[in-house]
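K.L.:
take this sequence and fold it.
(2 chains)
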Amino acid sequence: MSAITNAAATVLAQADVAEQTADEAKSISAASGAGMAYGLAAIGPGIGIGYLVGQAVQAMARQPESAGQVQTTMFLGIAFTEALALIGFVVFILLKFV
Amino acid sequence: MSTQADPMNTRIEGPSPAMAVALDMARRSLWLLPVIVVVSAAFWGVNGVASTLYALAIVVINFLLAGWLLAVTGRISAALMGAAALFGFLLRLGLIFLAVFAVKDASWIEFVPLGITLILTHLVLLFWEMRHVSASFAFPGVKPGVTPNPYLPDN
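P.N.:
As a prediction, this is how the structure comes out:
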């Protein structure tokens, strides 16, 4: 009788371990996915802002009298590009914390 | 004849348009405030309102910090302003991450309204400002009478 009880306990313990392992695997993959989403979402805007700012600085250096207009447009461009990174960040927090 | 361009020695003199735009967007966020409070209260209750207000504060501070960085570094050199824009992007992303990470275990935090507000207010304020800026560029003579802005030259 006790052998049967022991076997049942062992099976239950193994099921617990399997469940824990599945939970851990799920949380690990969610964390990896979140990190990938955030990291990849920051690369594109980084390249975009670099290009945008480089061209704007060139324009301001060539035509300092139009620096105000260029700077306004550059600021809006940076903010629009940054929205992509923000979307990646929101995906990250939703995957990680929700 | 080629035009000599030296970003290292070019300084952006005078008031900063970036700071003016950022202040303008901060002012417009006050108009959005009642709308987002009502919407988040309807869907997520008091916690949703708190999270939404926190997200709005993050967006506004993000814009102001970006404008301030460009204003300060532009007075030194255009090249430094470019560097500040690029590294400022990373810095501000890091600060937003820290701001959200700091409250992740708070009892009042709701991540869904926080995320939605972060994206929507950022985009709505930007499109609103872009419309205003486009109109100002296209019809410079018919600018509406706005409150005096210390960062803009006298019109």
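
K.L.:
look up phi and psi at the nearest residue to B:Ala83 once chain neighbours are set aside.
P.N.:
Nearest residue to B:Ala83, sequence neighbours excluded (Cβ to Cβ, 6 or more residues apart in numbering or on different chains): B:Thr73, at 7.4 Å. For glycine as for every other residue, the C-beta is placed from the backbone atoms N, C-alpha and C. Note on B:Thr73: its backbone torsions stand at phi -70, psi -30 [degrees, to the nearest 10].

K.L.:
just the helices in the chain please.
P.N.:
Here I'm looking at chain A. Counting by DSSP state H, residue ranges of the helices within chain A are A:2-62, A:67-97.

K.L.:
think we crossed wires, I meant chain B
P.N.:
Under the criterion DSSP H, chain B contains helices at B:17-74, B:78-102, B:111-138.

K.L.:
packing partners of the shortest one?
P.N.:
Spelled out, that is helix B:78-102. With contacts taken as 3 or more Cβ pairs under 8 Å, 6 or more residues apart in numbering or on different chains; DSSP states H and E, helix B:78-102 sits against helix A:2-62, helix A:67-97, helix B:17-74.

K.L.:
a markdown table for the helices of chain B, including mean pLDDT?
P.N.:
Formatted as a markdown table, these follow (pLDDT from 0 to 100):
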| stretch | mean pLDDT |
| --- | --- |
| helix B:17-74 | 92 |
| helix B:78-102 | 90 |
| helix B:111-138 | 89 |
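
K.L.:
output these in a markdown table, with mean neighbour count appended to each entry.
P.N.:
Listed next are the helices of chain B as a markdown table, based on neighbours: other Cβ atoms under 10 Å in any protein chain shown:
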| stretch | mean neighbour count |
| --- | --- |
| helix B:17-74 | 19 |
| helix B:78-102 | 18 |
| helix B:111-138 | 18 |
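
K.L.:
wait, isn't the residue nearest to B:Ala83 in contact with B:Leu86?
P.N.:
No. Contact criterion Cβ atoms under 8 Å: B:Thr73 and B:Leu86 do not qualify, at 11.0 Å.

K.L.:
about what we covered before: winner for burial among the helices of chain A?
P.N.:
Comparing the helices of chain A by mean neighbour count (mean count of other Cβ atoms under 10 Å in any protein chain shown), helix A:67-97 comes out on top with a mean of 21.

K.L.:
wait, doesn't B:Leu53 sit right on B:Val37?
P.N.:
Yes. Using Cβ under 8 Å, B:Leu53 makes contact with B:Val37 at a distance of 7.3 Å.

K.L.:
can you give me phi and psi for B:Ile109?
P.N.:
Dihedral angles (degrees, to the nearest 10) for B:Ile109: phi -80, psi 140.

K.L.:
could you list the low-pLDDT ranges of chain A?
P.N.:
Scanning chain A for pLDDT under 70 picks out A:1.

K.L.:
ok, now how distant is the most centrally placed residue in it from chain B?
P.N.:
Nearest to the mean C-alpha position of chain A, by Cα atoms, centre = their mean, lies A:Tyr38 at 1.4 Å. Distance, A:Tyr38 to chain B, using Cβ to the nearest Cβ, to the nearest Å: 8 Å.

K.L.:
same check, this time on A:Gly50
P.N.:
5 Å.

K.L.:
got a list of what that residue touches?
P.N.:
The contact partners of A:Gly50, by Cβ atoms under 8 Å, 6 or more residues apart in numbering or on different chains, come to B:Leu86.

K.L.:
B:Ile116 now?
P.N.:
Contacts for B:Ile116 (Cβ under 8 Å, 6+ apart) come out as A:Val90.
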